[in-house]
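S.K.: Build me a model:
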Amino acid sequence: MAANGKSALVTGAGKNIGRACVLGLAEDGFNVAINGSSDRAACDKVAKEAEKFGVKAIVIMGDVGKAAECKRIADAAIEAFGSVDALLNNAALRPNKPFLEMSDADWSRVIDVDMNAAVWLARACLPGMVAKGWGRIVNFAGMNAIHGHAGRTPVSVAKHGVWGLTKALAMEFGPKASPPTPSRPARLRPTPRRRMPRPRRARRPWPASRSAASASRSRSPRRRGYWCRRPAATSTAR
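M.R.: Numbering: from 1, shown residues only. As a prediction, this is how the structure comes out:
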């Protein structure tokens, strides 16, 4: 039984960011529905990890790149938990292929998984959120996709669409439930990388062998890397 009475659906949850989301939600007391497309063993392993937090975890395999599958996945989660209070659209494809070599099928497949899945799942889960007056939708984007990435044009297009979808749904459903949220995931590293401080350069001593005239040169002002000689003092007698 969920400690907080709420349930979540996470797509692409068998590893990496999806797995981390599942475990974080479970730790916060959410029942979790774990979706994956092919690796059932990985999803089952994540479910067992989530159950250690005392919540219920189920695995719903399915291809979110198909509208009918998205409805089936959402319906299964709602049937198991009564509602989906938090939807995390994490599943994505990131093929690296030159734009002129992509077929229409290649293009459509990326758009369906990376963008349309968020639309289809939101349609299935939002009515329950509105009815309860509470809900969360988290859509994942990334700055590489938003800025543009050579060889991944459909990913960039899809993530721009997800960004717009998130803002529009927030305006429409924010007052009725809770607004969707875009997320830019950080890179996951096995160990944190520490930045070593740079050693300070020692100042070069002023050569003792310089003549008095040379020694009268000043270190300031310094312009464009050249030493500037101070102007000599002048007097005019009348």
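
S.K.: hey, let's count contacts and neighbours off CA atoms from now on
M.R.: Will do.

S.K.: For residue 134, what is the enclosing helix or strand?
M.R.: Element membership of residue 134 [criterion: DSSP states H and E] is none; it lies in no helix or strand.

S.K.: Okay, buried residues for the helix ranked longest in the chain please.
M.R.: As far as residue count goes, and with DSSP state H defining each element, the longest helix of the chain is helix 153-173. Along helix 153-173, these residues count as buried under the neighbour rule (16 or more other Cα atoms under 10 Å): 153-163, 165-166, 169-170, 173.

S.K.: ok, so of the residues you listed, who is nearest residue 135?
M.R.: Residue 135 lies nearest to residue 173 out of the buried residues of helix 153-173, by Cα to Cα, at 9.6 Å.

S.K.: Give me the distance between that closest one and residue 86.
M.R.: In this view, residue 173 and residue 86 are 14 Å apart by Cα to Cα, to the nearest Å.

S.K.: again with residue 58
M.R.: When Cα to Cα is the yardstick, residue 58 and residue 86 sit 15 Å from each other.

S.K.: Where does pLDDT dip in this protein?
M.R.: Scanning the chain for pLDDT under 70 picks out the ranges 1-3, 178-238.

S.K.: just the strands in it please.
M.R.: 7-10, 31-36, 57-61, 86-89, 136-140, 181-183, 218-223, 226-228 (DSSP state E).

S.K.: Show me which positions of the fourth one end up buried.
M.R.: By neighbour count with 16+ other Cα under 10 Å, strand 86-89 contains the buried residues 86, 87, 88, 89.

S.K.: Test my guess that residue 70 contacts residue 76.
M.R.: No: because the distance of 9.9 Å does not satisfy Cα atoms under 8 Å, residue 70 is recorded as not touching residue 76.

S.K.: more crowded one of these two?
M.R.: Of the pair residue 70 and residue 76, residue 70 is the one with more neighbours under other Cα atoms under 10 Å, namely 24 against 17.
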